[in-house]
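Undergrad: 3D model of this:
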Amino acid sequence: MEMNGEDAEKDLALKQLDQQQQQQQQQRATWSRQLEFILATVGYAVGLGNVWRFPYLCYNSGGGAFLIPYFIMVLVCGVPLVYMEIAIGQCTQLGPVHAFAKICPLFKGVGLAAVFMSYIFSTYYMVLISWALYYLFHSFGSTLPWTSCNNTWNVDGNCSSGFLSRNVTNRQSASQQFFDHKLLEQTNGIEDIGGIRWDLCGYLLLAWVIVYFSIFKGVKSTGKVVYFTALAPYVILFALLINNVRLPGAKDGILYFVTPVWSKLFKVKTWAHAAGQVFNSLGIAFGCLVSMASYSKSNSNILRDTLIMSTVNSFTSILAGFVIFSAIGYMAHMHNLPVDKIATDGPGLVFVVCPEILSTMPVPQLWSVLFFFMLLLLSLDSQFANVDVAITFIKDEFGHKALPYLRREELVTLVICAVGFILGLPHVTKGGIYIFQLMDNYTAVQSLVFLAFCEVVPVSWIFGVPRLSLMIKKMLGRAPHIYFRLSWLLLCPVLVLVIMVTSMAQYTRTRYGKYTYPVWAEVLGWGIAMVSVVWIPVGAIHEIFCHKGSFLQRLKKATTSTIDFQEVSGREELELCNPASEPPAT
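TA: This is a model prediction of the structure:
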């Protein structure tokens, strides 16, 4: 009798927990206005990649010719996958972990892999924000410190106060030395990590504090912050563009940016770069879109939101290209150099070439402050979404189990931000740039495409396009266009598979400048990549072993969606999504 009483108490406790979980899902916070969600997704998609990576890829992969494969990839792959992720999040009202567990239990690890990838990405992406803060605060002096060679960090006899052609190997520009020897205090390789850069550590802490106070109230606070962080960068971008196009040589830079080199259009590498840029820029497979959409009302117009986000993202990339290359053309004119001897990729473009360009403009302090403030805002928007994925997972998974402790979302956010700050400390050591480059290569490149493939296949081929279409019909009142259904069924899975195979075939050892990483660092990089993707096979194995019967019976159960479908009038009707009692919100 005593055991029966204990069992009854346990059953009662489990029922209460289930009720609490259902109440928590029903009481899930939502965006105050759908405009806040649109601005949040735009801010998430538009980031530093639009400023440094797109312009470089465009001029290096055929100029105007690169825009052809880029827009084809946006239409064929980018827009349909963004549409799919937003639909999943809004319909299930769950983060990526629990949403994918309901859609296809066998691939429930996809959601957890996305959470880990986004959080790992946020720990080193925050370093870029600390660099932007460092440059921003150093822009308020009477002179910009990266313009001269008479500073304590400059290397005697190896510094030039003027811009140097990329062919010059025995000297460095003052801007390059400021980045290497002042900002980073760079060592000779990853083997020599050196001590922590305490001033840079302080900027990293400040960056996390800014993020915390922007999101600590959930979507209620984030929704208000994005009005400024998502819109202000465009004011600065247009101000920079208006200023730059009037400078001598700006026309040459813009023409170099958009002039088609048709021979590169037929190279596989150009198409692979276009696809990779679309994936990284739109933030596909990071779980952020699913997480943010889970806070939208069930009848919000997801097609409109998808088209706005994708259009604004592409527009921003092109706008940033005009801004950057008009400035590069001006720099080429000032130093009588060809444009292709000045442009460079990655952090070097934003933190070496652009500061050098800004220092030659009228009122350089003003333009420097505006530029790095813009970088700060662009970075913060993306960071809000990456951190929110982990917070959403914790609330969905553990909120009902530890309700008394997690009732205050501010504490959850504080823990997430504090751990992220600690994990980011290796990046602000003197050898931190090598760790940053290693993690960026293996987290945002190598494992991302594989994760995207493992996301689109179960949704399109196991859960099925008809059911996905039914989910959307329940929310919008109409089924998705046949173009989207065809993309989900065939074009997206095939294209993602081609990208994955191509990226593997083109794999090369990681480099930073002329430095080649040792073998043990490459192994470490693959280990970092596995931290996220390993949850996919682990989740599949766990799901199969949770069921009883033969292997085929277990596999059948593991590939059966737990979303409640019922036969009504001979047709499948979706019971999970709340039917919209009114037309889709516009």
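Undergrad: And residue 94, how far from residue 132?
TA: 34 Å (C-beta to C-beta, to the nearest Å). The way it works is simple: take the backbone N, C-alpha and C, and place the C-beta from them, glycine included.
Undergrad: number of nearby residues for residue 252?
TA: By the criterion of other C-beta atoms under 10 Å, residue 252 has 18 neighbours.
Undergrad: so what's it up against?
TA: 329, 332-333, 339 (C-beta atoms under 8 Å, 6 or more residues apart in numbering).
Undergrad: Next: residue 282.
TA: 45, 78, 81-82, 309-310, 313.
Undergrad: Ramachandran coordinates for it?
TA: With angles defined as degrees, to the nearest 10, residue 282 sits at phi -80, psi -10.
Undergrad: Retrieve the pLDDT associated with it.
TA: Looking at residue 282, its pLDDT reads 89.
Undergrad: Relative to residue 309, how far out is it?
TA: For residue 282, the distance to residue 309 - C-beta to C-beta - is 8 Å.
Undergrad: Please enumerate the shared neighbours of the two.
TA: 45, 82.
Undergrad: sorry, back to before: any chance of the contacts of residue 252 in a markdown table, plus pLDDT, distance to residue 369 and secondary structure?
TA: Formatted as a markdown table, the contacts of residue 252 follow (pLDDT from 0 to 100; distance: C-beta to C-beta, whole Å; DSSP: H, G, I helix; E, B strand; the rest coil):
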| residue | pLDDT | distance to residue 369 | secondary structure |
| --- | --- | --- | --- |
| 329 | 88 | 23 | helix |
| 332 | 85 | 24 | helix |
| 333 | 86 | 24 | helix |
| 339 | 81 | 26 | helix |
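Undergrad: closest to residue 554 among those?
TA: Closest approach to residue 554 among these (C-beta to C-beta): residue 339, at 60.4 Å.
Undergrad: my guess is that closest one contacts residue 253, does it?
TA: Yes: under the criterion of C-beta atoms under 8 Å, residue 339 makes contact with residue 253 at 5.6 Å.
Undergrad: Now do the buried residues in the helix or strand containing residue 277.
TA: Element membership of residue 277 [criterion: DSSP states H and E] is helix 268-282. Within helix 268-282, the residues that count as buried by 16 or more other C-beta atoms under 10 Å are 270-282.
Undergrad: closest to residue 551 among the residues you listed?
TA: The closest of these, once distances to residue 551 are taken by C-beta to C-beta, is residue 279, at 34.3 Å.
Undergrad: so what pLDDT did the closest one get?
TA: At residue 279, pLDDT is 84.
Undergrad: thought it was touching residue 449?
TA: Yes: Residue 279 is within contact range of residue 449, at 6.9 Å (criterion: C-beta under 8 Å).
Undergrad: Any chance you could list residues touching both of those two?
TA: residue 499.
Undergrad: Could I get the contacting residues of residue 497?
TA: Taking C-beta under 8 Å, 6+ apart as the test, what residue 497 contacts is residue 453.
Undergrad: so it is in which element?
TA: helix 492-505.
Undergrad: Next, the angle helix 268-282 makes with that helix.
TA: Inter-element angle recorded for helix 492-505 and helix 268-282: 110 degrees (by axes from the mean of the first three to the mean of the last three C-alpha atoms, to 10 degrees).
Undergrad: In helix 492-505, which of the residues would be classed as buried?
TA: Buried residues in helix 492-505 (16+ other C-beta under 10 Å): 492-493, 495-496, 499-500, 502-503.
Undergrad: Okay, now the unreliable bits of the stretch 1-150 of the chain?
TA: Filtered on pLDDT under 70, the stretch 1-150 of the chain yields the residue ranges 1-28.
Undergrad: any chance you could map the helices in it?
TA: 2-26, 34-45, 48, 54-60, 67-73, 79-92, 96-103, 109-137 (DSSP state H, counting those that start in this stretch).
Undergrad: a markdown table for those helices, including distance to residue 539?
TA: What follows is the helices of the stretch 1-150 of the chain, written out as a markdown table (distance: least, C-beta to C-beta, whole Å):
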| stretch | distance to residue 539 |
| --- | --- |
| helix 2-26 | 20 |
| helix 34-45 | 25 |
| helix 48 | 32 |
| helix 54-60 | 34 |
| helix 67-73 | 29 |
| helix 79-92 | 17 |
| helix 96-103 | 8 |
| helix 109-137 | 2 |
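Undergrad: how about these, which one is nearest residue 264?
TA: helix 54-60 (8.8 Å).
Undergrad: what separates residue 239 from residue 245, distance-wise?
TA: The value you get for residue 239 to residue 245, if C-beta to C-beta is used, is 12 Å.
Undergrad: Equivalent analysis for residue 534, please.
TA: Residue 534 is 49 Å from residue 245, by C-beta to C-beta.
Undergrad: before we move on, what about residue 429?
TA: Taken as C-beta to C-beta, the span from residue 429 to residue 245 is 41 Å.
Undergrad: More neighbours: the two, which one.
TA: Legend: neighbour count by other C-beta under 10 Å for residue 429 and residue 245, higher for residue 429 (21 against 17).
Undergrad: Checking the closest residue to the more buried one other than its chain neighbours next. Helix, strand or coil?
TA: Nearest non-adjacent residue to residue 429, counting by C-beta to C-beta, 6 or more residues apart in numbering: residue 193, 4.9 Å away. Secondary structure, DSSP: H, G, I helix; E, B strand; the rest coil: residue 193 is coil.
Undergrad: close enough to count as contact, residue 193 and residue 427?
TA: No: in this structure residue 193 lies outside contact range of residue 427 using C-beta under 8 Å: 10.5 Å.
Undergrad: The chain: strands as residue ranges?
TA: Secondary structure of the chain (DSSP state E): strands at 159-160, 172-173, 511-512, 515-516, 565-568, 571-574.
Undergrad: which of the ones you listed has the lowest average pLDDT?
TA: When I compare those, strand 565-568 is least confident, with a mean of 46.
Undergrad: Next, give phi and psi for the spatially closest residue to residue 430 that is not a sequence neighbour.
TA: Computed as C-beta to C-beta, 6+ apart, the closest residue to residue 430 that is not its neighbour in sequence is residue 194, at 3.0 Å. The phi/psi pair for residue 194 (degrees, to the nearest 10) reads phi 70, psi -180.
Undergrad: wait, which of the buried residues of helix 268-282 is closest to residue 417?
TA: Within these, proximity to residue 417 (C-beta to C-beta) peaks at residue 280, which comes in at 23.8 Å.
Undergrad: so who does the closest one touch?
TA: 49, 53, 444, 448.
Undergrad: hang on, isn't the third one packed against residue 120?
TA: It refers to residue 444. No: between residue 444 and residue 120 there is no contact under C-beta under 8 Å: 9.4 Å.
Undergrad: what's the burial count for residue 153?
TA: Residue 153: 15 surrounding residues under other C-beta under 10 Å.
Undergrad: sorry, back to before: which among the buried residues of helix 268-282 gets closest to residue 112?
TA: For the buried residues of helix 268-282, with residue 112 as the reference and C-beta to C-beta as the criterion, the closest is residue 279, at 19.8 Å.
Undergrad: Rebuild the buried residues of helix 268-282 as a markdown table, extending it with distance to residue 207.
TA: As requested, the buried residues of helix 268-282 are exported to a markdown table (distance: C-beta to C-beta, whole Å):
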| residue | distance to residue 207 |
| --- | --- |
| 270 | 35 |
| 271 | 36 |
| 272 | 32 |
| 273 | 30 |
| 274 | 31 |
| 275 | 31 |
| 276 | 27 |
| 277 | 25 |
| 278 | 27 |
| 279 | 25 |
| 280 | 21 |
| 281 | 22 |
| 282 | 24 |
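Undergrad: Now residue 435. Nearest residue, chain neighbours left out?
TA: Closest to residue 435 by C-beta to C-beta, 6+ apart is residue 426, at 5.2 Å.
Undergrad: Can you read off the pLDDT for that neighbour?
TA: 94.
Undergrad: State the distance from the residue lying closest to residue 79 once chain neighbours are set aside to residue 435.
TA: Distances taken as C-beta to C-beta, 6+ apart place residue 310 nearest to residue 79, at 5.0 Å, with adjacent residues excluded. Spatial separation of residue 310 from residue 435 under the definition C-beta to C-beta is 33 Å.
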